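Undergrad: After the sequence you'll find the predicted model.
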Amino acid sequence: MNEPDVVKRLRRRLPSRAERRVTFALKVLALIAVAIYLLVGLLNFFAAIRTTGLLAIGALFLAYLVYPLVRRLNVYLPVIWSIIVVYAFIALIAAFAVTLVAPQIGRDLNSFGHALPGLMSQFQMELINPQNSFIARIPLDDRLYLANLPSQFDTLTKQYGLDTLQKGLPVLLSAASLGAAFVIIPILAAYMLIDASNVRRQILGLFPAKRRAKVHVIIDELDGVIGGFIRGQLIDGAIIGVMIFVMLTATHVPYALLIGIAAGILNFIPYAGAVIGFVPSVILALAYNGPGNALLVALLFAVIQQVDGNFVAPKVLKDNVGLSPLYIILAILVGSEIFGLAGTFLAVPVAAMLRVLREQLLPQPTPTAEDPPELTKAPRARAPVKAP
């Protein structure tokens, strides 16, 4: 057999480019199926050990939160002392904040709880009051619908809120005590920081040497997504809370501190902080200061939301999440539907991690120049008018 015949036979045995693509796609689909299977198994495992799982998630969040400071101090101090210094700094800030803010929050909660029934009744009477020229411009059916919202909200709270508390309180109380959780979470976070490099090496060791560079890139991007989300949402929530507090104080709406802190904490669920703070603020403004003040508060909330969405959040998060608002909302809805309250908090970082895996393991989307969008953010150029 001459050499050209051997070459031809070898070429026949080699798979074509299309076959290699199909094989690669099948391998990726198999990998995704295995990943989903493992994820479901992991979630079922965490469901069986809910308390430990919550402590581990809390420790992971704390580890990502303090990592930049620990890394900077580690240049001058051993890692153990770096963690101790950062923890001491956080404890001093927390103690100062609790001493300064906690008494006022307690008074506001007590006062708000006593005033809430009267505020709801006043809100309903104001909406159906025919003497109010501003409210009278709203159609009667719409006013009646708005007047019934407080009672509907009360029904939904009793129906779903109590159910959530009944399911969630045993999980919280089974952790021995809240004080024990505050001790266990920092300890777990410290061990996570100390063992992070060892865990990374163990993960890389599971893959062949030629694949480790790719796996290293994926780990770095996943690490950046999770850390960027946690630290970014914390900073963004603080800014949102301060803006809402200043706005409500300037417009003389009561309970400004309580609403600002609640909005800042709830902002850990994207788009939730300002939206949830909007409803009580407008009701309080209407009840205490009248329709004009309520309209002003509503407009200022819209301004805060625009400032946060267009300037603060992109700058703070630095596009680490890399998800469009559509995917963020869908992720939150799916997460809350499947896993309840915990799913709403974890939906966005999980979706961002899936985005990283898709970009690294699957083919990239078609370029915009090759398939231009039908709808554009900027006004579309008008087609030239043909001369008759």
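TA: Looks like it arrived, so ask away. Numbering: from 1, shown residues only.
Undergrad: For the stretch 251-388 of the chain, which segments count as strands?
TA: Taking DSSP state E, counting those that start in this stretch as the criterion, the stretch 251-388 of the chain contains no strands.
Undergrad: what about it, any weak spots by pLDDT?
TA: Of all residues in the stretch 251-388 of the chain, those with pLDDT under 70 make up the ranges 270-271, 314-320, 340-342, 363-378, 380-388.
Undergrad: again, only this time at 50
TA: When the per-residue scores of the stretch 251-388 of the chain are filtered using pLDDT under 50, the ranges that remain are 383-386, 388.
Undergrad: For it, which segments count as helices?
TA: Taking DSSP state H, counting those that start in this stretch, the helices of the stretch 251-388 of the chain run over residues 256-266, 272-289, 291-307, 313-317, 325-339, 341-361.
Undergrad: next one: the stretch 101-250 of the chain
TA: The residue ranges that make up the helices of the stretch 101-250 of the chain, judged by DSSP H, counting those that start in this stretch, are 133-136, 140-156, 162-173, 178-205, 212-250.
Undergrad: quick one: which of the ones you listed has the weakest pLDDT on average?
TA: Of all these, mean pLDDT reaches its minimum on helix 162-173 (a mean of 47).
Undergrad: Can you add mean neighbour count and distance to Ile230 and give the helices of the stretch 251-388 of the chain back as CSV?
TA: In short, each C-beta sits where N, CA and C put it, glycine included. As requested, the helices of the stretch 251-388 of the chain are arranged in CSV below (neighbours: other Cβ atoms under 10 Å; distance: least, Cβ to Cβ, whole Å):
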stretch, mean neighbour count, distance to Ile230
helix 256-266, 21, 14
helix 272-289, 20, 15
helix 291-307, 16, 22
helix 313-317, 17, 10
helix 325-339, 15, 15
helix 341-361, 18, 8
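Undergrad: Which of those sits closest to Ala196?
TA: Distances from Ala196 to each of the helices of the stretch 251-388 of the chain were compared by Cβ to Cβ, and the smallest falls on helix 341-361, at 16.9 Å.
Undergrad: Tell me which of the helices of the stretch 251-388 of the chain sits nearest to Phe207.
TA: Ranking these by their distance to Phe207 (criterion: Cβ to Cβ) puts helix 341-361 first, at 13.2 Å.
Undergrad: And for the closest one, what's in contact with it?
TA: Applying Cβ atoms under 8 Å, 6 or more residues apart in numbering, the contact partners of helix 341-361 are 28, 31-32, 35, 54, 57, 164, 168, 214, 217-218, 221-222, 225-226, 229-230, 268-270, 272, 320-323, 327-328, 331-332, 334-337, 339.
Undergrad: 6 Å instead, please
TA: By Cβ atoms under 6 Å, 6 or more residues apart in numbering, the list of residues contacting helix 341-361 from outside reads 28, 218, 221-222, 225-226, 229, 269-270, 321-323, 328, 331-332, 335-336.
Undergrad: how big is the angle separating that helix from helix 272-289?
TA: Taking axes from the mean of the first three to the mean of the last three Cα atoms, to 10 degrees, helix 341-361 and helix 272-289 form an angle of 140 degrees between their directions.
Undergrad: follow-up on the earlier one: can you tell which of the helices of the stretch 251-388 of the chain is closest to Tyr64?
TA: Using Cβ to Cβ as the criterion, the shortest distance between Tyr64 and these is 9.8 Å, found for helix 341-361.
Undergrad: so the closest one versus helix 325-339, what angle?
TA: Between the axis of helix 341-361 and that of helix 325-339 there is an angle of 130 degrees, by the same axes, to 10 degrees.
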